[in-house]
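Engineer: Sharing a sequence plus its predicted fold:
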There are 2 protein chains.
Amino acid sequence: MGISVEFGMSNRPDAGQLNVPSRILMGPGPSMISPRVREAMAAPALGYMDPDFLDVLDDIQELLQYTFQTDNDWTLATSGTGTAAMETTIGNLLEPGETMLVRESGYWGDRMAQMAHRVGGEVVSLDVSPTAPIDPDDVADAFADNDIDVFGFTHGDTTTGILQPDVAELASIARDHDAYTIMDCVTSLSGVEVQVDDWGVDAVYGSPQKCLSCTPGVTPLTVGDRAREKILDRETDPKSWYLDLTGVMEYWGDDPSYHHTPPTSSLYGLRESLRLVAEEGLEARWKRHRDVAGALVEGLEDLGLELFPDRDHWLPSLNTVRVPDGVDDAAVIDFLLSEYDIEIAGGLGELSGELWRIGCMGHSARHQNVAALLTGMEEALAAQEYDTSAIEA
Amino acid sequence: MGISVEFGMSNRPDAGQLNVPSRILMGPGPSMISPRVREAMAAPALGYMDPDFLDVLDDIQELLQYTFQTDNDWTLATSGTGTAAMETTIGNLLEPGETMLVRESGYWGDRMAQMAHRVGGEVVSLDVSPTAPIDPDDVADAFADNDIDVFGFTHGDTTTGILQPDVAELASIARDHDAYTIMDCVTSLSGVEVQVDDWGVDAVYGSPQKCLSCTPGVTPLTVGDRAREKILDRETDPKSWYLDLTGVMEYWGDDPSYHHTPPTSSLYGLRESLRLVAEEGLEARWKRHRDVAGALVEGLEDLGLELFPDRDHWLPSLNTVRVPDGVDDAAVIDFLLSEYDIEIAGGLGELSGELWRIGCMGHSARHQNVAALLTGMEEALAAQEYDTSAIEA
């Protein structure tokens, strides 16, 4: 084989050394990655069938069972980011021709509906106000009126900052109709209470890059025995080979065989982030998120800003406040990024321009970060000539 | 919300600190991750719409265009491992009812066929000997006899260690029939010559964890303009939302908008691994793989072992040698791992027990590793009472 020198061969890019600014990350995700997690990710590679690497998977399963509060055998990390985990649950639990119930309003309900359609499912939508959680009575009505197979909802909604209460009741309604529940815990897992077994939810996924303060790329997922039986009894193969849980569990099961290459370094990181959860303890971790986010909300209210959700449905890991009239939401975001190296975010979709979304997650959920943010926010609002004197007086 | 203390809450796992042995990785992947890549992955997180992070994506696109030798606009890293990239190409290029041509024998042809079936495609198989590359005449016959829309093949086969020649001719046959080619360069990209534009291949993916010596989790992918037009003109949505290239390119395009969370730390690592490719230069890198793997093969032949493929189809990045009669292939693999901390692998599927697969990729492709492997291999064969005296005399 001769080496040909082609167009472009001598045109080597020179990208320069990676130079990442040190941001305080208080948007809707990612949060700051814990230093111990970053160190763990830098460990050398191991083969995917190396006994030492299979031990890493075993550790992750045990730590995830604790974090999810479940005994589910099918507890694993999906080889993709949160959206891949969402698609894994829908693509495996829903067969073509079956019907999925989702929330009509909101970014994530829409995404779930699109995924259900793509795998050949029908969709029934719950018409719920974007400023409220799902009411169990509405769910009971939807189940009474429709033949629903799968019901998907978010526990902590990253769009609205609303925490869904009554999860056990929602799961119970579905179970009474021989249906299955999928719960998105992307923004809640390890930041607020999640009780997979006690609440009786069938399939639950979290996120590594929010309250776990790990890197995105592998996503916590757990599937209960009842849902597992449904998946093993499918009449058709899931549309995705990569996200086929029956195949994936051949690798994560007791007698592992190769299915696809897992994201090794990210799995090292996930293991370390879950160790940090176990060391802190779930109850202490939930309390820390409540306490630190409580100080954040109090400070924002002192600046005259108003919390978007009812206090009863406040999600400490993702705090949404209304943008006051006459204030340019994007200018505040840009000011915080350029002057304070702090990331927060604006509203998504129909809430664009209406909200700021301020995360308080994992390693980011510390008083030092809240203090810096509040100072920067006050300055940013003053630069917008927003009058806080009435409140401050 | 009261915090309930439930079963399991006090039962916190204690996993212990991560302790990864330092292996010489010379299996079919992963290769050893370059130290600079591991350091880059440990950089702090950035938000996915942070201008500094979007610069990282731009750098990766430019570096990948060099590595693939292409001007394709649709050049990116898929948010998953190699199998996700394979599914991305098939799931986007093949519509339900269309026909895909794959190789019948071999692990990867079978996987491509399964993916094609799952998205509603038909499959035509090329009956090729497992010990030979694909013959363009057979491909021409298959196109003459069938209405084929997409043709998928591997450039460097990780199962057999065979390098596919005549790629430009294969692509040309498909193009003449208004069909599209998908080339799997998982084991070849940056280790042997790959010329995407010159060869006229429509969709090509590589692997970060082989000759690039990066971590798995983000996978290089490039799609030519003709294939892009087909994808944009699809009559049906791809079955996967996560792997829908039209959506994904809204994030990787000129005016980025959020599609799904990308694996940030792995992307830092990929950027660094591609910088290392550009610094070394493609021609020098291909030569290094040939030279180091040449020394490896020579050393193995000196031990009386026989290269599996014809020399003309030798794939320097993955060297396959036959297991001699009477030698326990698994015992040799175990000996190398336990005594030398060296990973090699056995045969897959129908070649199980017939072959050893010895990678020589990226950061692993160094003479120091070949020397250690050859010494260990000689000792392992002696422990099996394999007689090399005739050869050594």
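Structural biologist: Great, that's in hand.
Engineer: can you dump the C-alpha coordinates of stretch A:117-129 into PDB?
Structural biologist: In PDB, the C-alpha atoms belonging to stretch A:117-129 read as follows (Å, rounded to 0.1, in the frame of the first residue of the first chain):
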ATOM      1  CA  HIS A 117     -44.400   8.200  18.200                       C
ATOM      2  CA  ARG A 118     -41.100   7.200  16.600                       C
ATOM      3  CA  VAL A 119     -41.300   3.700  18.100                       C
ATOM      4  CA  GLY A 120     -44.800   3.300  16.700                       C
ATOM      5  CA  GLY A 121     -46.800   4.200  19.800                       C
ATOM      6  CA  GLU A 122     -49.900   6.300  20.200                       C
ATOM      7  CA  VAL A 123     -49.900   9.300  22.600                       C
ATOM      8  CA  VAL A 124     -52.500  10.600  25.000                       C
ATOM      9  CA  SER A 125     -51.700  14.000  26.500                       C
ATOM     10  CA  LEU A 126     -52.500  15.300  30.000                       C
ATOM     11  CA  ASP A 127     -53.600  19.000  29.700                       C
ATOM     12  CA  VAL A 128     -51.900  20.500  32.800                       C
ATOM     13  CA  SER A 129     -51.000  24.100  33.500                       C
END
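Engineer: Next, residue A:92: phi, psi?
Structural biologist: Dihedral angles of residue A:92 (phi, psi; degrees, to the nearest 10) stand at phi -100, psi -30.
Engineer: Count the residues that sit near the closest residue to residue A:322 other than its chain neighbours.
Structural biologist: Nearest non-adjacent residue to residue A:322, counting by C-beta to C-beta, 6 or more residues apart in numbering or on different chains: residue A:306, 4.8 Å away. Bear in mind the C-beta positions are built from the backbone N, C-alpha and C, glycine included. Residues within reach of residue A:306, counting by other C-beta atoms under 10 Å in any protein chain shown, total 11.
Engineer: and what of residue A:229?
Structural biologist: By the criterion of other C-beta under 10 Å, residue A:229 has 9 neighbours.
Engineer: so it sits in a helix?
Structural biologist: Yes: according to DSSP: H, G, I helix; E, B strand; the rest coil, residue A:229 belongs to a helix.
Engineer: Chain B versus the residue nearest to residue A:322, what's the distance?
Structural biologist: Distance of residue A:306 to chain B, given as C-beta to the nearest C-beta, to the nearest Å: 22 Å.
Engineer: how close does that residue get to residue A:297?
Structural biologist: Residue A:306 sits 10 Å away from residue A:297, going by C-beta to C-beta, to the nearest Å.
Engineer: can you pull out the helices in chain A?
Structural biologist: A:35-41, A:51-68, A:82-93, A:107-118, A:136-145, A:167-176, A:196-199, A:225-232, A:245-252, A:264-280, A:282-302, A:329-340, A:367-383, A:389-392 (DSSP state H).
Engineer: and the third one, what other elements does it pack with?
Structural biologist: Using 3 or more C-beta pairs under 8 Å, 6 or more residues apart in numbering or on different chains; DSSP states H and E as the contact criterion, the elements in contact with helix A:82-93 are strand A:74-78, helix A:107-118, strand A:150-154, strand A:180-184, strand A:203-205, strand A:219-223, helix A:225-232, helix A:245-252.
Engineer: cool, the first one as well?
Structural biologist: Contact analysis of helix A:35-41 by 3+ C-beta pairs under 8 Å, 6+ apart lists helix A:264-280, helix B:35-41 as its packing neighbours.
Engineer: Need the ones you listed in JSON lines (columns: mean pLDDT, mean neighbour count and distance to residue A:47).
Structural biologist: Formatted as JSON lines, the helices and strands packed on helix A:35-41 follow (pLDDT from 0 to 100; neighbours: other C-beta atoms under 10 Å in any protein chain shown; distance: least, C-beta to C-beta, whole Å):
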{"stretch": "helix A:264-280", "mean pLDDT": "98", "mean neighbour count": "25", "distance to residue A:47": "9"}
{"stretch": "helix B:35-41", "mean pLDDT": "97", "mean neighbour count": "21", "distance to residue A:47": "16"}
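Engineer: Include distance to residue A:21 when you put the ones you listed into a markdown table, please.
Structural biologist: Shown next, in a markdown table, are the helices and strands packed on helix A:35-41 (distance: least, C-beta to C-beta, whole Å):
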| stretch | distance to residue A:21 |
| --- | --- |
| helix A:264-280 | 21 |
| helix B:35-41 | 15 |
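Engineer: just so I know, which of these lies nearest residue A:380?
Structural biologist: helix A:264-280 (31.2 Å; C-beta to C-beta).
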